[in-house]
Structure formats: structure tokens, C-alpha cells
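> task: produce atomic coordinates for the following.
(2 chains)
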Amino acid sequence: MEPILKARNLTKRYGKVVALDQCDFELYPGEILAVIGDNGAGKSTLIKALSGAVNADAGEVTLEGQKVNFSSPNDARNAGIETVYQTLAMSPALSIADNMFMGREIRKSGFMGKFMRQLDRKKMEDFARDKLAELGLMTIQNINQAVETLSGGQRQGVAVARAAAFGSKVIILDEPTAALGVKESRRVLELIQDVRSRGIPIILISHNMPHVFEVADRIHVHRLGKRLCVIDPKAYSMSDAVAFMTGAKEPSQKEIEAA
Amino acid sequence: MPAQDNYEAAASARGTEKFAEFSDDRKGIVSRFQNQLHATPALVPLIVLVAALVVFGLLLGSKFFSPFALTLILQQVQIVGIVAAAQSLVILTAGIDLSVGAIMVLSSVVMGTFTFRYGLPAPVSIVCGIGVGAAIGALNGWLVARMKLPPFIVTLGMWQIVLATNFLYSANETIRAQDIEAEAPLLQFFATKISVGGAIFTYGVIFMVLLVVVLAYVLRQTAWGRHVYAVGDDPEAAELSGVNVKGTLISVYMLAGIICAFAGWALIGRIGSVSPTSGQLANIESITAVVIGGISLFGGRGSIMGTLFGALIVGVFTLGLRLLGADAQWTYLLIGVLIIAAVAVDQWIRKVAA
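The predicted model follows:
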């Protein structure tokens, strides 16, 4: 099977620090790939290089076999890669609908839209409501509610719904459960599986081993700026994964080849 | 996965609650009022405006509550109202524009000087004056967005530069009202009056109201307007969501410059002459109107209707207290109180988020 998103020899330096050292990466269609690694291992830089927020110094990224060159997050979005950042990237004072369509608003058709540039609020609100309902984020009474009045889990839900609504090829989730309580984390994990069941592959960056082992199909272990190995969560324990991540244990040659 | 204590099963087992339940369980009149204000931030200045009208109406009777007096307030606030509309746009992006008054005066001087010193037709001079306003605004925006300089510093510097340019260029000469009336009446276009009963509306007043209505539409109903709010709210989030933050900022400062140039044109109508020493307090007065109007100085919150109400509140206090025979210092004192109260209310409204 061909990977949908692939990177070869990605390198990124910040001064003397090598954040990415000839890193390889593959994401296959329909899977949830977890990326784990210790702080400073270069996970974030890898993700930013894939989502266009960082320009790699060397190496190439291919999407569905085509070489791509993202110079901004917008390029990646237009190519169908949506990212949910850890900070969620939402404007707290604006409404749920405003946030979902930020940067890709729908204008009315006809005179009002073309010449008066009027937005089609009803269409955007209906779409936002539909998307939230699709993901089981039901009973939204007021789609015009400001995002800052939502709880952390609800905000995460809206951010994931936004990504799922527009991400046609790949969705990247950066620490989606880090700031959430137990119950809200549970809902977000269900949401992730829901999105995967629609056939959209997901890259999940997380520090939470139980969450990673629960939902991931494969686990990319990142260490010292590159991919150390890729492991199958069914064949390894969480302690193995943590040992690889921290360097307490070296993967065997077989495990490296599997990567 | 090895067997483990699956502590999260407990959470999902009783997870019958809906995830995105947006029920409002905060009760009580005060918190409901707080939520209402959060949704409609122009409500506070509107209430203050109506209250001020009622109080002065009761104290002064028909001396205050006449069509003439009430429309006089509109005429007195028109310049500040127009400039405050420009200031609102900038403050919504979490910036501030201290150069608004200077841009206004320089634009009016350019309109006058081009007509009288170089003999250009008045319409051409007016277009040049508006062009000057747009250019200075765009330069402000470029310095803020591209050079990443703080708006306060950029516009503090620009205020001095533009004001000095204004005095050097005009040689501190005033163009007399009679000359303008005789040779280029178009410059006094905004002084044209429409009388309805005892009420007198000038074109300047009508322009101010139309400007605010148009901007309210643009801010609320167009993508550009939503981007202005998003940039003021959280520029990084806006950038990651795909908003052209730099472009939005530059367009906001440029539009503010254009509106200030129109204020300069209206200023000629208001005072009759072209005077390089006029409008010195427009920057502070415009910020006052914006703050009393409930627009947050931290950006991203408030409505431009509030700014109009804010300007009118200042006008009502000024005229009302003068008619009462009070010392003018009482006006300043009360406006100072209003400014602090308005910011306190803004902070309180924000607590809805918590």
C-alpha cells in the first residue's frame, strides 16, 4: 500500500540545534498513527514541517505520491491537511460558526454576496451545526455562542470538528487530550475514532501512553530528531515504548527495519 | 496492551451526558445581564446615553429637549464621531492610532492649500487630501504589520511627524472662510444644512451616521470584518486559521487614514476655514469616545455602534452641563469617571468567559 503522506530525509536546524535530522515519516490511508517522543525530540518540528508551519532545510514531502512544498499552513490546508494545534487556534471572542469558517468564509450568492460582500451566515451556521452533530457534539442550542464560553473539552470538540469538516486527506492532532479532564479526554478519543471510521487518516501527537495505545494503529517513536522505530501497539507494552522513547532500550534491527 | 487498571472505563460507563451541552446554568438577574452585555457590548453606552438624556431633559426641560438642542449635539460631535469611527477600527485590532487628529488636519490643509496655493480645482485637491490620509495610514499599517513595531510607538511618532509637516507645509497660515465660500464652496460641502422643523442636520452629521452604519455592516457581515475581530482577539490563532493578518492590519490602518481625511474635509465645513492649528485634541477625544463606547482596548471586542453612542454621551454631557451653567471642568471630571467605569465594565464582561 502506498503511504498517503510521506517524508524523506527532512532536516531542520535552529542555529546549532538540529531539530530534525534526516527524518523519515509515513502515514498510510485510513490509519491512526501516533507520534511519541520525549520533550525536545523534535515531534513538534516534524509536525510543523508536515503542516506547512515550518519550512524544512532539506528533504521532501509527498502527498499521495505527489511532491508538495508547503510554505504556509494555508498551503497545507488547501491541499487537504488540517491541523488541530495544541493552542486550538481559535478566536475566543468569536462564535463557534465564525471560528469554524475563519479564513474560508462563504459569501452569499447574487448581488449581496458579490458586490456587498455579505456573508451567508445561515449557510455557515447550518454547516457548523451539521458537522458538530455528525461527530456527536449534539444539542448545541446556540451556534453563535462565543468560543470562550465553552469548556476545554467543548473547544477541543469544535476544533476537531473544524478539522474533520475541511480536512479531506489528513488530520493532524497535537496533544488533543493534554488539557482535558478524564471524561472529556474520553469523548475526544471517541471523536478521533469516529473521524477515522470516515476513512480520514490521523496523525496523533501525544504524551499520554494509555491514550496512544488505545487508539493508534502504529506508533512512530521519535528520538533525537529522527524516527527511531515504528512499533505495533498490540505487540509491545507501554513500558517498551517509553524505554525506546527515552533511550533506556535500543530497538532490535528487526524493529528498525519495520520502520 | 497488558492488563491494567482501566480507570477510564468508569468515565465512559456513566458517560450518558451529552458532550456539547450548552445549557446556561448560571441563574440570577446580574449574571444574565452580564451574559447579555457579553453578546451585545453596545448596550452599556446606549443605557448611559438614554439615562443622560433623561436626566438632562428632566433638569433642563424644553431648553435641552428641543430638536434644535439635540441636533446641535450631533453637529458638535460630528468631527470626533468620524475620527472615532477610524479609531474604533484600529482599536478592534488591539492597536491604537494617536496620529488620527494629525492626519485629519494635514488632509484638510492639503485640500485647502492645493486649491488656493496651486490653483487646482477643488475636487482634485480633495482627492489629493484623501490620498495623503490613505498614504499615511498605509505607512502606519506597514510599520505595525511588517516591521512589527508597537502601534502606540508608531503612531506616537507619526503624530509628531505629521503635525510638524502640517505646520511647515502650511507655514502656519489659515485660509479664510470667506475665500473658501467665494472660490471653492465644495470644501465646505459638509456644512450644507437640512432643516426639518427646528432640527438642523448638516451633511457632516449625516455622513457620520452613514459611516457608522456602513462600518457596522462591514464589520458584522463581511469576511474582512470578521478578520478584523480575529486579528484583534488573537493574531496567532487568526494566522493559523488562515487569516492574512498583515494584510488585514495594513488595510485597517489605511482605511483609518482615509476616514480621517474625510474628517478633515468635514472639519473645513465645521469651522469654515482651513486652519493648521485646529483639531489638536481629536486623538484623545476619539479614544475617549471609543472607550466609553465599550470597545476593548485589548482588541477584538465591542461594536462600532458603541463608539457612536460614546461620542454622543460626551456631546450630551458637554451641552447639558453648559446649559446648566456648570463650570466646564465638571464635564471633564465626569468624562474621566465614565472612562474608568467603562473599562471596569469591560473587565467585568470578560469574566463571562471563566
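
> what segments of the chain are strands?
In the absence of a named chain, chain A is used. A:5-14, A:17-27, A:32-37, A:58-63, A:66-68, A:81-84, A:170-174, A:202-205, A:218-223, A:226-231 (DSSP state E).

> hmm, I had chain B in mind actually
B:193-196, B:199-202.

> how about the ones you listed in JSON lines, adding distance to residue A:48?
For every residue, glycine as well, the C-beta is placed using N, CA and C. Below are the strands of chain B laid out as JSON lines (distance: least, Cβ to Cβ, whole Å):
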{"stretch": "strand B:193-196", "distance to residue A:48": "60"}
{"stretch": "strand B:199-202", "distance to residue A:48": "56"}
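
> which residues of chain B score low on pLDDT?
Counting by pLDDT under 70, the ranges of chain B that qualify are B:1-27, B:352-354.

> at 90 what do you get?
Applying pLDDT under 90 to chain B flags residues B:1-44, B:61-63, B:65, B:196-199, B:239-242, B:279-280, B:328, B:342-354.

> for chain A, what is the nearest residue in it?
residue B:242 (2.8 Å; Cβ to the nearest Cβ).

> wait, that residue sits on residue A:104?
Yes - counting by Cβ atoms under 8 Å, residue A:104 is a contact partner of residue B:242 at 6.4 Å.

> and the residue of chain A closest to chain B?
For chain A, Cβ to the nearest Cβ, closest residue to chain B: residue A:103, 2.8 Å.

> for that residue, which non-adjacent residue is closest in space?
residue B:242 (2.8 Å; Cβ to Cβ, 6 or more residues apart in numbering or on different chains).

> show me which of residue B:242 and residue A:104 is the more surrounded one.
Under the criterion of other Cβ atoms under 10 Å in any protein chain shown, the comparison of residue B:242 against residue A:104 puts residue B:242 first, with 18 against 15.

> residue contacts, the more buried one?
Counting by Cβ atoms under 8 Å, 6 or more residues apart in numbering or on different chains, residue B:242 makes contact with A:73, A:74, A:77, A:102, A:103, A:104.

> make it 10 Å
With contact set as Cβ atoms under 10 Å, 6 or more residues apart in numbering or on different chains, residue B:242 has these partners: A:72, A:73, A:74, A:77, A:78, A:89, A:101, A:102, A:103, A:104, A:166, B:227.

> name the nearest of those residues relative to residue B:38.
Nearest to residue B:38 out of the contacts of residue B:242 is residue A:102 (Cβ to Cβ; 19.8 Å).

> count of neighbours near the residue lying closest to that closest one once chain neighbours are set aside?
Leaving aside its chain neighbours, residue A:102 sits nearest to residue B:241 (4.0 Å; criterion: Cβ to Cβ, 6+ apart). Residue B:241 has 26 neighbouring residues, counting by other Cβ under 10 Å.

> touching, residue B:241 and residue A:87? I think so.
No - proximity of residue B:241 to residue A:87 does not meet the contact threshold set by Cβ atoms under 10 Å, at 11.2 Å.

> need the overlap of contacts for those two.
With Cβ under 10 Å, 6+ apart as the test, residue B:241 and residue A:87 both reach residue B:234.

> quick check: end-to-end length of stretch A:91-100?
Stretch A:91-100 has an end-to-end distance of 10 Å (criterion: Cα to Cα, to the nearest Å).

> is chain B contacted by it?
Yes - applying Cβ under 10 Å from any Cβ of the partner chain, one finds stretch A:91-100 touching chain B at A:91, A:92, A:93, A:94, A:95, A:96, A:98, A:99, A:100.

> doesn't residue A:46 make contact with residue A:223?
No - contact between residue A:223 and residue A:46 fails when scored by Cβ under 10 Å: they sit 11.7 Å apart.

> before we move on, back to that, residues touching the residue of chain A closest to chain B, list them.
A:73-74, A:77, B:223, B:226-227, B:230, B:238-244.

> mind doing that once more with 7 Å?
By Cβ atoms under 7 Å, 6 or more residues apart in numbering or on different chains, the residues touching residue A:103 are B:241, B:242, B:243.

> of those residues, closest to residue B:271?
Using Cβ to Cβ, the contacts of residue A:103 come closest to residue B:271 at residue B:243, 40.5 Å.

> can you name the residues that contact residue A:196?
The neighbourhood of residue A:196, defined by Cβ under 7 Å, 6+ apart, consists of A:32, A:202.

> ok, now residue A:72?
residue A:52.

> what about it, distance to residue B:238?
Residue A:72 sits 13 Å away from residue B:238, going by Cβ to Cβ, to the nearest Å.

> kindly report the same for residue B:203.
37 Å.

> and what of residue A:230?
36 Å.

> who has more neighbours out of those two?
More neighbours surround residue B:238 than the other of residue A:230 and residue B:238, with 27 against 19 (other Cβ under 10 Å).

> ok, and the closest non-adjacent residue to that one?
On the basis of Cβ to Cβ, 6+ apart, the spatially nearest residue to residue B:238 that is not a chain neighbour turns out to be residue B:230, at 4.1 Å.

> would you agree that neighbour is in contact with residue B:243?
Yes - contact criterion Cβ atoms under 7 Å: residue B:230 and residue B:243 qualify, at 5.5 Å.

> what is in contact with these two at once?
Joint contacts of residue B:230 and residue B:243 (Cβ under 7 Å, 6+ apart) are residue A:102.

> these two - which one has more neighbours?
Between residue B:230 and residue B:243, residue B:230 has the larger neighbour count (other Cβ under 10 Å), namely 28 against 24.

> can I get the contacts of residue B:242 in JSON lines with distance to residue B:45?
Below are these laid out as JSON lines (distance: Cβ to Cβ, whole Å):
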{"residue": "A:72", "distance to residue B:45": "40"}
{"residue": "A:73", "distance to residue B:45": "38"}
{"residue": "A:74", "distance to residue B:45": "38"}
{"residue": "A:77", "distance to residue B:45": "39"}
{"residue": "A:78", "distance to residue B:45": "42"}
{"residue": "A:89", "distance to residue B:45": "32"}
{"residue": "A:101", "distance to residue B:45": "29"}
{"residue": "A:102", "distance to residue B:45": "28"}
{"residue": "A:103", "distance to residue B:45": "31"}
{"residue": "A:104", "distance to residue B:45": "34"}
{"residue": "A:166", "distance to residue B:45": "38"}
{"residue": "B:227", "distance to residue B:45": "25"}
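
> now these: which count as buried?
A:73, A:74, A:77, A:89, A:101, A:102, A:103, A:166, B:227 (16 or more other Cβ atoms under 10 Å in any protein chain shown).

> and the residues you listed, which two are furthest apart?
Between all members of the buried ones among the contacts of residue B:242, the farthest pair (by Cβ to Cβ) comes out as A:166 and B:227, at 17.4 Å.

> quick one, helices of the stretch 101-250 of chain A?
A:110-114, A:121-134, A:152-166, A:182-197, A:209-215, A:238-246 (DSSP state H, counting those that start in this stretch).

> can you put those helices in TSV and add distance to residue A:57?
Formatted as TSV, the helices of the stretch 101-250 of chain A follow (distance: least, Cβ to Cβ, whole Å):
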stretch	distance to residue A:57
helix A:110-114	43
helix A:121-134	37
helix A:152-166	28
helix A:182-197	32
helix A:209-215	29
helix A:238-246	25
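
> measure how buried the closest residue to residue B:346 other than its chain neighbours is and give me the count.
Nearest residue to residue B:346, sequence neighbours excluded (Cβ to Cβ, 6+ apart): residue B:296, at 5.1 Å. Here the number of neighbours of residue B:296 (other Cβ under 10 Å) works out to 23.

> just checking, residue B:296 touches residue B:290?
No - using Cβ under 7 Å as the test, residue B:296 is too far from residue B:290 to be in contact (9.6 Å).

> any idea what residue A:10 is bridged to?
residue A:23 (DSSP bridges).

> need the per-residue pLDDT for it.
Listed pLDDT for residue A:10 reads 92.

> and it, how far is that from residue A:21?
9 Å.

> which of the two has more neighbours?
residue A:10 (27 against 14).

> buried residues, stretch A:122-130. List them.
Buried, per 16+ other Cβ under 10 Å, within stretch A:122-130: A:124, A:125, A:127, A:128, A:129.
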